[in-house]
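In: Any chance you can model this:
(2 chains)
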2 protein chains.
Amino acid sequence: MTFPDRITSIQGSIMQYIGGIDIGGTKMAVVIADSDGPLLRLTEPTAKEGSSRAPADQAIRMLRQACEQAGVPFSELKTVGVSSCGPFIKQNGLIELRTQNICGGIGNRGDLPNDWQTVPLEAVLREQFTNVHIENDCVAALAAERAFGALQGSDHCAYVTWSTGVGFGLCVDGVMLRGKNGNAGHAGHMLLSEQSLAQCGCGNIGDVEALASGRNLEIQHGRSAEELFNAVKDGDVKAHAAVIHAAQWFGRALYNVTATLDLQAFVIGGSIWHHHGDWLEPIVKNEICSRLPPLTAGVQLLRPALDAYVADIGALYLAMPPAWIGNWRVHALWQRIGDIETV
Amino acid sequence: MTFPDRITSIQGSIMQYIGGIDIGGTKMAVVIADSDGPLLRLTEPTAKEGSSRAPADQAIRMLRQACEQAGVPFSELKTVGVSSCGPFIKQNGLIELRTQNICGGIGNRGDLPNDWQTVPLEAVLREQFTNVHIENDCVAALAAERAFGALQGSDHCAYVTWSTGVGFGLCVDGVMLRGKNGNAGHAGHMLLSEQSLAQCGCGNIGDVEALASGRNLEIQHGRSAEELFNAVKDGDVKAHAAVIHAAQWFGRALYNVTATLDLQAFVIGGSIWHHHGDWLEPIVKNEICSRLPPLTAGVQLLRPALDAYVADIGALYLAMPPAWIGNWRVHALWQRIGDIETV
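Out: Below you'll find the predicted structure:
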């Protein structure tokens, strides 16, 4: 698809480009954009072999390739935003990834083809780009939903993903929370149960991810989350009980975050909620609103407006010149990411 | 005690006074101060009879009395800071208290001599004072420790009290968290256990307060926290186990808050920690630092520097002209509150 209204000529230094990088445990996506919206998007499996620089080098290579394909001079791409899985640590003030699904040298996963302790993400990106803005993927998603989506005008809110894992991006008093290493929002590793034997990938027993995440539902019940939910449809009573229980734990986590931060709204993303949120919502809402009325009364559960592209738009938003934001919002330019070529 | 260096003459509009109000479930304290430090402090049991205005009217009357005793014209007191127990709700944008220990019309306490639903705190104080700054008591304590105490220079931190109840004041990225009704920090009502039958005053079963607060230790074990800790000293094995268990729950709560907000330091106040923190600290620290190293490594547990007067100093700090702060910090003027007359 082409955009007849797009200004394709480069007008010297006036035209600006930005890059967005979305780093997941299995997939890497990059997207380039200008003031009129996203231009081109590429995806690949996340690099996990060779030196620990590999994922960062991969992102640079993919952005170069995206620029070539879009006819954008790579040298003009000076600013990138990154939405990445965490957790992060800082080395000399620069963010490195310490992610169990990417770094084979940590945790107890034997299936990764590397022994990386961390990925030096920010240092490598800064070799190429002048401005690098990195946030946890749920923080970036929250930024996108606050800028363009369901959380516009909400000052006390969170983005939550319920999918393979459970993660949060948090905003209180109109300010997004980062924390000492940019790891605020790891409430998926909050302990909820002393009775369950469910173990999280992080080693915790009885945290939110252990009790409710897709990965751990599979470990607990021997069926993938999808199989489990399909069985519910077929009237499987055990599967139904397992899913209800997971939704209750997920709701308790949202209650705990509400009590801790006095929030007013959650946008819930992730594949489990995307497919089953309609009938799970009353269960989750009851876990929140049946407790501590001065904090929970009126708390809203919302659907993400940016949905499948929330991470990419979040990454772009982090890199975006403030002057673009109004135009992107009014004309919903972020929606064009659904139409541009993805290779 | 008198201060020979105090300027006691009122120099027209140059001389300024501020008032601090500390509202607890059982005790009300007021203190007045000028740029050279606290001048006079009064305390009374918190008013719980008559109209629901009573506690707010009491604070005004006590401040008038304090001014009279200190030779300060009450009409010159235009700014007050308030450190109050919560939770709060807002009516037309003004803070009202919805506190179980003060309002007899909520919860299931039959021992209060009123049927108040809320106390209209801010509206009544604004009838008398031009500037009114109200915060949850743990938020005010956090402000005080960040301004004058153990958390100077700390951007990712919390004040926690472990006493009759358990409450938090939270700061992330150098910004203190308030939330939609000023109730951020109610993590004492975070659910931790699905097995325990311990019930909190708020109605929750298995939240932090139900598991670890002084009030609920007494309900669970039939002995006050003080009696329980005395029994530990006398070699009572059951009391020892109960106290260790409570410290583990308290530590889990601190872990959950650390994972949620990526904090670097906690100041722990309250009577239980004041008396027993030395030997409970390794238990609490282990609950935090044995999990999720990228978030918990190096987290510090600190003692409050302002101790018994943290609420009063917090209330004064909320009302303080910015120009006073440096002088109060350098000369530790807040310490004078320990020397001035308290009636």
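
In: Can you pull out the low-pLDDT segments for the stretch 51-200 of chain A?
Out: Counting by pLDDT under 70, the stretch 51-200 of chain A shows low-confidence ranges at A:108.

In: Whichever residue of it sits closest to chain B: how many residues sit nearby?
Out: Chain B sits closest to A:Gly179 of the stretch 51-200 of chain A, with a gap of 2.4 Å, by C-beta to the nearest C-beta. Bear in mind the C-beta positions are built from the backbone N, C-alpha and C, glycine included. Neighbours of A:Gly179 under the rule other C-beta atoms under 10 Å in any protein chain shown: 25.

In: Contacts only, for it.
Out: B:His156, B:Val172, B:Asp173, B:Leu261, B:Asp262, B:Leu263 (C-beta atoms under 8 Å, 6 or more residues apart in numbering or on different chains).

In: From chain B, how far off is A:Leu301?
Out: Per C-beta to the nearest C-beta, to the nearest Å, A:Leu301 is found 15 Å from chain B.

In: Can you select the buried ones from the contacts of A:Gly179 in PyMOL?
Out: Typed into PyMOL, the line below selects the buried ones among the contacts of A:Gly179, using 16 or more other C-beta atoms under 10 Å in any protein chain shown:
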select buried, chain B and resi 156+172+173+261+262+263
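
In: before we move on, back to that, excluding chain neighbours, what is closest to the residue of the stretch 51-200 of chain A closest to chain B?
Out: Excluding the flanking residues, the one nearest A:Gly179 by C-beta to C-beta, 6 or more residues apart in numbering or on different chains is B:Asp262, at 2.4 Å.

In: Over to A:Asp137?
Out: Closest residue to A:Asp137 apart from its sequence neighbours, by C-beta to C-beta, 6+ apart: A:Ser83 at 4.7 Å.

In: ok, now A:Cys171?
Out: The shortest distance from A:Cys171 to any non-neighbouring residue, by C-beta to C-beta, 6+ apart, is to A:Cys157 (5.1 Å).

In: Specify the beta-bridge partners of that neighbour.
Out: A:Cys171, A:Ala265 (DSSP bridges).

In: Tell me, how many residues neighbour it?
Out: For A:Cys157, the number of neighbouring residues by other C-beta under 10 Å comes to 27.

In: close enough to count as contact, it and A:Leu261?
Out: No. A:Cys157 is not in contact with A:Leu261 according to C-beta atoms under 8 Å; the separation is 9.4 Å.

In: Tell me who's in contact with the most centrally placed residue in chain A.
Out: The structure's chain A has its C-alpha centroid closest to A:Asp137; by C-alpha atoms, centre = their mean the separation is 3.1 Å. For A:Asp137, the contact set (C-beta under 8 Å, 6+ apart) comprises A:Asp22, A:Ile23, A:Gly24, A:Ser83, A:Ser84, A:Cys85, A:Gly86, A:Thr161, A:Gly167, A:Ala311, A:Gly314.

In: Kindly recompute the last result at 10 Å.
Out: A:22-24, A:82-86, A:159, A:161, A:165, A:167, A:169, A:185, A:310-311, A:314-315 (C-beta atoms under 10 Å, 6 or more residues apart in numbering or on different chains).

In: A:Gly201 now?
Out: A:100-101, A:107-109, A:164-165, A:189, A:209-210, A:213, A:215-216, A:219.

In: mind checking how far it is from B:Asn181?
Out: The span separating A:Gly201 from B:Asn181 equals 36 Å under the rule C-beta to C-beta, to the nearest Å.

In: what's the answer for A:Glu287, then?
Out: 20 Å.

In: Get me the contact residues on the stretch 1-150 of chain A for chain B.
Out: A:Gly86, A:Pro87, A:Phe88, A:Ile89, A:Lys90, A:Glu96, A:Leu97, A:Arg98, A:Thr99, A:Ile106, A:Thr118, A:Asn136 (C-beta under 10 Å from any C-beta of the partner chain).

In: I'd say the first one and A:Phe168 touch.
Out: No. A:Gly86 lies out of contact with A:Phe168 (C-beta atoms under 10 Å); the separation is 11.2 Å.

In: So for the two, which residues contact both of them?
Out: In contact with both A:Gly86 and A:Phe168: A:Asn136, A:Cys138, A:Val139, A:Gly185, A:His186, using C-beta under 10 Å, 6+ apart.

In: Most widely separated two among the residues you listed?
Out: The most widely separated members of the shared contacts of A:Gly86 and A:Phe168, counting by C-beta to C-beta, are A:Val139 and A:His186 (10.7 Å).

In: Quick check: neighbours shared by these two?
Out: A:Gly86, A:Gly167, A:Phe168, A:Gly179.

In: Okay, domains of chain A per the record?
Out: A:17-140+A:307-338, A:150-302 (automatic domain parsing).

In: Show the contacting residues for the nearest residue to A:Arg109 once chain neighbours are set aside.
Out: Nearest non-adjacent residue to A:Arg109, counting by C-beta to C-beta, 6+ apart: A:Gln100, 6.5 Å away. A:Gln100 makes contacts with A:25, A:85-87, A:106-109, A:112, A:165, A:200-203, as judged by C-beta under 10 Å, 6+ apart.

In: Doesn't A:Gln100 lie inside a strand?
Out: No. Looking at A:Gln100 with DSSP: H, G, I helix; E, B strand; the rest coil, it is coil, so not inside a strand.

In: And it, how close does it get to A:Gly314?
Out: Taking C-beta to C-beta, one finds A:Gln100 at 22 Å from A:Gly314.

In: now A:Asp111
Out: Taken as C-beta to C-beta, the span from A:Asp111 to A:Gly314 is 28 Å.

In: Next: A:Gly25.
Out: Distance, A:Gly25 to A:Gly314, using C-beta to C-beta: 17 Å.

In: Looking at those two, which has the bigger crowd around it?
Out: In this view A:Gly25 and A:Gly314 are compared by other C-beta under 10 Å, and A:Gly314 has more residues nearby, 33 against 13.

In: so does the helix or strand where the more buried one lies get close to chain B?
Out: For A:Gly314, the host element (DSSP states H and E) is helix A:310-319. No. With C-beta under 10 Å from any C-beta as the criterion, chain B is not reached by helix A:310-319; the gap is at least 15.6 Å.

In: could you list every residue that touches the nearest residue to A:Ile60 once chain neighbours are set aside?
Out: Distances taken as C-beta to C-beta, 6+ apart put A:Gln128 closest to A:Ile60, at 5.1 Å, once the chain neighbours are dropped. Residues near A:Gln128 by C-beta under 10 Å, 6+ apart: A:Gly19, A:Ala56, A:Asp57, A:Ala59, A:Ile60, A:Leu63, A:Arg64, A:Phe74, A:Leu77, A:Lys78, A:Val80.
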